[in-house]
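>>> quick one: sequence and predicted model below, then my questions.
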Amino acid sequence: MSNSEFISLLYNNNIYIIMKEPYETNKETYNRGWFIVKNYNNYSYNKLYSLSIINNNIDNNMYYENL
């Protein structure tokens, strides 16, 4: 894997490594990454990971009926 498949974020003196999703732009990865690090203590990781993808999809005009 190359370095371009990951981003790193420094938040509250912690370094977070976020893996890019297939077909995800750098902007989307950073948007998803910041969502994850800012909500890290609020959800289980699996729920948080799913919500980060849903959040990106909503930003790209996808509609979720039951959220």
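Arrived safely.

>>> which parts of this structure are strands?
Across the chain, reading from the start of the chain, the strands by DSSP state E fall at 6-11, 14-19.

>>> as JSON lines, those strands with mean pLDDT and mean neighbour count would be great.
Glycine gets a C-beta too; all of them are placed from N, C-alpha and C. Written out in JSON lines, the entries for the strands of the chain read as follows (pLDDT from 0 to 100; neighbours: other C-beta atoms under 10 Å):
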{"stretch": "strand 6-11", "mean pLDDT": "95", "mean neighbour count": "13"}
{"stretch": "strand 14-19", "mean pLDDT": "94", "mean neighbour count": "12"}
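
>>> what about this protein, any weak spots by pLDDT?
For the chain, the stretches flagged by pLDDT under 70 are 1-3, 67.

>>> and the helices in it, which stretches?
Using DSSP state H, the helices of the chain run over 26-38, 45-59.

>>> redo those helices as a markdown table? Include mean neighbour count.
Listed next are the helices of the chain as a markdown table, based on neighbours: other C-beta atoms under 10 Å:
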| stretch | mean neighbour count |
| --- | --- |
| helix 26-38 | 17 |
| helix 45-59 | 14 |
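
>>> possible to save those helices as JSON lines with distance to N13?
As requested, the helices of the chain are arranged in JSON lines below (distance: least, C-beta to C-beta, whole Å):
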{"stretch": "helix 26-38", "distance to N13": "12"}
{"stretch": "helix 45-59", "distance to N13": "20"}
